[in-house]
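Asker: kindly generate the corresponding structure for this input.
(one chain, ligands or ions: 1)
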Amino acid sequence: MSAQPTCLYCQQAHPVDATECRQCGMPLPAEAAMASERRLRRFTWFCVGLTLFCIVMFFWLPRNIA
Ligand SMILES: [Zn+2]
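Answerer: Below is the predicted model:
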């Protein structure tokens, strides 16, 4: 699951360390790739937090079993 920078002009995918397009020479949107990676990390932490919240609630809330 690696975010490869894709050229905005010719849609050519590049290795992560590339700074400009090999096909048309335009600078690659490194910032956009980094932003999507940050969003993915935030989503992962959101899922972890939600799981922890559910576990805490499971033990904290009273169980009304007859
Ligand atoms: Zn290009």
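Asker: I'd say residue 27 and residue 20 touch.
Answerer: Yes. Assessed by CB atoms under 8 Å, residue 27 is found in contact with residue 20 at 5.0 Å. Glycine gets a C-beta too; all of them are placed from N, C-alpha and C.
Asker: what separation is there between residue 29 and the ion?
Answerer: As judged by CB to the ion, to the nearest Å, residue 29 and the ion stand 11 Å apart.
Asker: ok, residue 57 next?
Answerer: 50 Å.
Asker: can you tell me the helix or strand for that residue?
Answerer: Element membership for residue 57, per DSSP states H and E: helix 30-60.
Asker: give me the distance from that helix to the chain's centre.
Answerer: Its chain's C-alpha centre and that of helix 30-60 lie 10 Å apart, by CA atoms, centre = their mean, to the nearest Å.
Asker: mean confidence for that helix?
Answerer: The average pLDDT within helix 30-60 is 89.
Asker: output the contacting helices and strands for that helix.
Answerer: Of the remaining helices and strands, none touches helix 30-60 by 3 or more CB pairs under 8 Å, 6 or more residues apart in numbering; DSSP states H and E.
Asker: tell me the confidence at the closest residue to residue 15 other than its chain neighbours?
Answerer: Once flanking residues are discounted, residue 15 sits nearest to residue 4: 7.0 Å by CB to CB, 6 or more residues apart in numbering. For residue 4, the pLDDT comes out at 79.
Asker: so what's the backbone phi/psi at residue 4?
Answerer: phi -90, psi 130 (degrees, to the nearest 10).
Asker: for it, give me its contacts.
Answerer: Residues near residue 4 by CB atoms under 8 Å, 6 or more residues apart in numbering: 13, 14, 15, 16, 33.
Asker: and which of the residues you listed is nearest to residue 61?
Answerer: Nearest to residue 61, judged by CB to CB, of these is residue 33 at 42.1 Å.
Asker: get me the contact residues on this protein for the ion.
Answerer: Within the chain, the positions adjacent to the ion are 7, 9, 10, 12, 21, 23, 24 by CB under 5 Å from the ion.
Asker: in PyMOL, how would I select the buried members of the residues you listed?
Answerer: In PyMOL, this line selects whichever of the residues of the chain next to the ion come out buried by 16 or more other CB atoms under 10 Å:
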select buried, resi 7+12+21
